[in-house]
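> Predicted model and sequence follow; I will ask about them next.
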Amino acid sequence: MDTPAHGHPPAHDLAHAPAHGGHNLTGFVIFLCSESLIFLAFFAAYITYRMSAPVWRPAGVEGLEVREPLLYTLILVSSSLVIWLAERALQRGRLGAFRGWWLLTMVMGSIFVFGQAQEWAKLPFGPQSGVFGASFYLLTGFHGLHVITGILLMGLMLVRSFRPGNYDNGEAGVVSVSLFWHFVDVIWILLFLLLYAWQR
Amino acid sequence: MKPDPQMSPSSVFDPRVLKAPHPVPGAPDNWRRFFGFNTDAKVIGIQYIALALFFLLVGGLLAMIMRGELLTPPSDLVDPTVYNGLYTMHGTVMLFLFLFPILNGFNNLLIPPMIGAPDMAFPRLNAAAFWIVPVFGVVLMASFLVPGGPSSSGWWAYPPVSTQNPLNHFINGQFLWILAVALSGVSSIMGAVNFCTTILRMRAPGMTLFRMPIFCWTALAAQAIQLGGLPVLTAGAVMLLFDLSFGTSFFRPEGGGDPMLYQHFFWFYSHPAVYVMVLPVFGIFSELFPVYARKPLLGYHVVALASFGITFLSLIVWVHHMFTSGTPQWMRNVFMVTTMLIAVPTGIKVFAWLATLWRGKIRLSTPMLFALGGLFNFIFAGITGVMLATVPVDIHVGNTYFVVGHFHTVIFSTITFGVFAGIYHWFPKFTGKMYYEGLGKLHFLLTFIGAQLNFLPMHWAGLMGMPRRVASYDPEFAFANVLASLGAFLLGVATIPFLLNMVSSWVRGPRAPANPWGAIGLEWLLPSPPPAENFEHDVPTVISGPYGYGLGKPLVDDQERYVARSQEA
């Protein structure tokens, strides 16, 4: 539309236009930026407590076991690669491969949640054990909620992929969920560094 | 006119992107549409404004009970604990249920027509965000009925007061307060995502960022603060809820926690929150002064960018609320300087408005009177604001009525004046009816006198050392308090002509023309009231910047056609 003179498309063009797929992605990115600030606030609280709390770990607690969480971390972080493969398969129109990689991402996410639940069950302290316990459960719990949300959203996208004509209006849903999953992974890397790596 | 067959979707403007889903098919087209789930931004805007005005009455009633108590020095009208609940609920209602919703109402009504979009980017999200507001309104009001009464820790809910649960009920006033604030946050974030996406993605062809009306700039700047600040308050509120209800000790010193951290979290958002409210009002001032002075806005680009200057600075000043909270001296110094810097972008705007008014053909209609009154009060509030930013002055007047007076001069005498100005200015556009000028002027007169009488003596009492948040006071402050109470009651009376005007003119007022003020802007090229999807498929192409008063340049291509169409409807 080089000459913008009162041009508007014919009505049928509007009726078949991709409604607002581009908006969905814009809106979702804006939301993610905002959401990341809740985590930043929690990180700031954790760092403040870690640096200045008069009592840090409750009596009898030496520190956190690192080896198993590291394993689950590797699973979660590598699922970012798997979801990227899924997205790429969808872009190339290979729906079967997309569903396979997508499901694998969901399984890897579920393994991470399972590992997290197991760790919670074994820990010798609770959320009421000083600021150490409280902030540990707050950070991992809030992140865990995001992982579960991500898995549920992926489930929704998987179901929708069986709907005929689902991708006629673009793949904004899949792209958004995948972006969310990368976000959840990056947050976990930061969390792992703060909670597990920064112990002494 | 014929559509251009060569038009490619990849060009600068893709009209298909503009298309938002049509409002719910089958939604009633009469007054009943305002009482249900409706995705039309103009319906939602009016829903927001009506609900907010209802809560203005609730919050005002709470304020008048407080002023009744303060009419005499001893605590005699209400119990002191009830008084604590009153000021907590007054502040919370006025901010979260009056000002935020009413400004979101303006955003809904104004942003799509001003940028030539058919609706918001996400109409269903928009409706959902609105319907959260009455839900948390009910949650907050319900706290009057729970054992122990409503939260009484002030609208800032500082621990340790806010982590007390003496009656040991899980559902207590403070719990409901946190729930309401969290829901308000969810609604605001949903709104912010929607407003930002709409402004960034759905502008009419030719409407570049620097051709947007200033209201859209300020809305974008304000919503950026919501997106950046609100999550931090939410984080603080979550931690507070855990401390209150689940026995953690984030903010409990006895468990190793840090109550100061809550203050940081709270003010990191709640100071910028004032700018979330005042920025759109700056936008309203910038829209109104050119119309009623018949002159272009001076320094449009600078005024637009100053909004983002304010956004940025507002996020790095919060510690000035904590100068008396045992903050280290270096921190006080840093935040004193950043706070004073905010006077630069706001000062730029004030000078731009004054220069716009200078030698203009000023028409003192009701909206202009409210805008001028608001500007006058804002300059006063700005001066006391710089005083308060100064650490020694702040330490002297901290926790006194000086702060209360300053704050209300901003929140009521500036922001609410701007809101009234906006309501009168756009009332004909969105209801299709003219309001009664005489009642409007009476409303302005009573409100202006009431506001000065109410809030000026507070500065004086505060400088003399009268502490805030206390139901009884030393008899030496009696005179200032009697004046303030009379002002508060006068403000209560002032709402009568306002509501009378709004209801009677909407029901039986004279029909409004499409452009009663001779204003320049896309919304004035639409009929009054505009159709559900504004310009629908016939979106005008913008060819010049806003506020071209007296310049004789058309705003859009083929302007006569749009003007004629808006008038024949």
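Thanks, I have it.
> From now on I want contacts and neighbour counts done on CA atoms only, so please keep to that.
Will do.
> Residue B:436 and residue B:76, how far apart?
41 Å (C-alpha to C-alpha, to the nearest Å).
> do residue B:257 as well
Going from residue B:257 to residue B:76 by C-alpha to C-alpha gives 38 Å.
> Which one's more surrounded, these two?
Set residue B:257 next to residue B:76 and count neighbours by other C-alpha atoms under 10 Å in any protein chain shown: residue B:257 wins out with 23 against 14.
> what packs against the lengthiest helix in chain B?
Counting residues, the longest helix found in chain B (DSSP state H) is helix B:259-293. If you count contacts as 3 or more C-alpha pairs under 8 Å, 6 or more residues apart in numbering or on different chains; DSSP states H and E, helix B:259-293 packs onto helix B:100-115, helix B:214-245, helix B:300-314, helix B:343-357, helix B:366-389, helix B:417-431.
> Reformat these as TSV; add mean neighbour count, mean pLDDT and distance to chain A.
As requested, the helices and strands packed on helix B:259-293 are exported to TSV (neighbours: other C-alpha atoms under 10 Å in any protein chain shown; pLDDT from 0 to 100; distance: least, C-alpha to the nearest C-alpha, whole Å):
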stretch	mean neighbour count	mean pLDDT	distance to chain A
helix B:100-115	25	97	15
helix B:214-245	25	97	5
helix B:300-314	20	97	15
helix B:343-357	18	97	25
helix B:366-389	22	97	25
helix B:417-431	24	97	24
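> mind putting the ones you listed in a markdown table, distance to residue B:142 included?
Below are the helices and strands packed on helix B:259-293 laid out as a markdown table (distance: least, C-alpha to C-alpha, whole Å):
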| stretch | distance to residue B:142 |
| --- | --- |
| helix B:100-115 | 19 |
| helix B:214-245 | 18 |
| helix B:300-314 | 33 |
| helix B:343-357 | 39 |
| helix B:366-389 | 34 |
| helix B:417-431 | 28 |
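> tell me the contacts of the closest residue to residue B:150 other than its chain neighbours?
Ranked by C-alpha to C-alpha, 6 or more residues apart in numbering or on different chains and with sequence neighbours excluded, the top spatial neighbour of residue B:150 is residue B:173, at 4.1 Å. Under the criterion of C-alpha atoms under 8 Å, 6 or more residues apart in numbering or on different chains, the neighbours of residue B:173 are B:143, B:144, B:146, B:147, B:148, B:149, B:150, B:151, B:152.
> Flag the shaky bits of the chain, pLDDT-wise.
In the absence of a named chain, chain A is used. Within chain A, the segments meeting pLDDT under 70 span A:1-21.
> Chain B was what I was after
B:1-29, B:569.
> hang on, the earlier thing: mind checking which of the contacts of residue B:173 are buried?
Buried members of the contacts of residue B:173, scored by 16 or more other C-alpha atoms under 10 Å in any protein chain shown, are B:143, B:144, B:148, B:149, B:150, B:151, B:152.
> so the first one sits right up against residue B:149, yeah?
Yes - counting by C-alpha atoms under 8 Å, residue B:143 does reach residue B:149; the two are 6.1 Å apart.
> Return every residue with contacts to both of these two.
Going by C-alpha under 8 Å, 6+ apart, residues that sit against residue B:143 and also against residue B:149 are B:172, B:173.
> On the secondary structure side, give me the element for residue B:453.
Element membership for residue B:453, per DSSP states H and E: helix B:437-463.
> And for residue A:77?
Using DSSP H and E, residue A:77 sits within helix A:67-91.
> Contacts only, for residue 76.
Since no chain was named, I'll use chain A. Taking C-alpha under 8 Å, 6+ apart as the test, what residue A:76 contacts is A:108, A:109, A:112, A:185.
> Wait, chain B was what I had in mind.
By C-alpha under 8 Å, 6+ apart, the neighbours of residue B:76 are residue B:69.
> how near is it to residue A:79?
Distance from residue B:76 to residue A:79, by C-alpha to C-alpha: 66 Å.
> Same question for residue B:211.
Using C-alpha to C-alpha, residue B:211 is found at 45 Å from residue A:79.
> near chain B too, which of the contacts of residue A:76?
Among these, no residue is within reach of chain B (C-alpha under 8 Å from any C-alpha of the partner chain).
> Farthest-apart pair in those residues, please.
Farthest apart among these by C-alpha to C-alpha are A:108 and A:185. That separation is 11.8 Å.
> rewinding a little: and after the helix holding residue A:77, which helix or strand comes next?
The helix or strand immediately downstream of helix A:67-91 is helix A:95-122, counting by DSSP H and E.
> what's the angle between the helix or strand that that next one is followed by and helix A:95-122?
Moving toward the C-terminus from helix A:95-122, the next helix or strand (DSSP H and E) is helix A:130-160. On the basis of axes from the mean of the first three to the mean of the last three C-alpha atoms, to 10 degrees, helix A:130-160 is oriented at 160 degrees to helix A:95-122.
> what comes into contact with the helix or strand following helix A:130-160?
Using DSSP H and E, the helix or strand that follows helix A:130-160 in sequence is helix A:172-192. Outside helix A:172-192, the residues that touch it by C-alpha under 8 Å, 6+ apart are A:21-22, A:24-25, A:28-29, A:32, A:39, A:73, A:76-77, A:80, A:83-84, A:87, A:139-140, A:143, A:146-147, A:150, A:153-154, A:157.
> Please list only the buried members of those.
Here, 16+ other C-alpha under 10 Å leaves A:22, A:24-25, A:28-29, A:32, A:39, A:73, A:76-77, A:80, A:83-84, A:87, A:139-140, A:143, A:146-147, A:150, A:153-154, A:157 buried among the contacts of helix A:172-192.
> Which residues are in contact with residue A:63?
Neighbouring residues of residue A:63 by C-alpha under 8 Å, 6+ apart: A:57, A:199.
> what does residue A:37 give?
Contacts of residue A:37 by C-alpha under 8 Å, 6+ apart are B:228, B:229, B:231, B:232.
> Now do the helix or strand hosting it: distance to the chain's middle.
Using DSSP H and E, residue A:37 falls within helix A:21-52. For helix A:21-52, the separation from the chain centroid amounts to 12 Å (computed by C-alpha atoms, centre = their mean, to the nearest Å).
> Enumerate the positions of that helix that are buried.
Within helix A:21-52, the residues that qualify as buried are A:22-32, A:34-43, A:45-46, A:49-50, counting by 16+ other C-alpha under 10 Å.
> ok and the residue in the stretch 301-450 of chain B nearest chain A?
With C-alpha to the nearest C-alpha as the measure, residue B:315 is the residue of the stretch 301-450 of chain B nearest to chain A, at 12.9 Å.
> sorry, back to before: ok, of the contacts of residue A:76, which one's closest to chain B?
Chain B lies nearest to residue A:185 out of these, by C-alpha to the nearest C-alpha, at 19.4 Å.
> burial of the closest one, as a residue count?
The number of residues packed near residue A:185 is 22, by other C-alpha under 10 Å.
> just the one 4 residues further on next, same as before
A count of neighbours around residue A:189, defined by other C-alpha under 10 Å, yields 15.
> if I look at it, how far off is residue B:99?
Distance, residue A:189 to residue B:99, by C-alpha to C-alpha: 40 Å.
> What does residue B:150 show for phi and psi?
For residue B:150, the backbone dihedrals (degrees, to the nearest 10) come out as phi -70, psi 170.
> I figured it hits residue B:89, correct?
Yes - at 7.5 Å, residue B:150 and residue B:89 qualify as touching, with contact defined as C-alpha under 8 Å.
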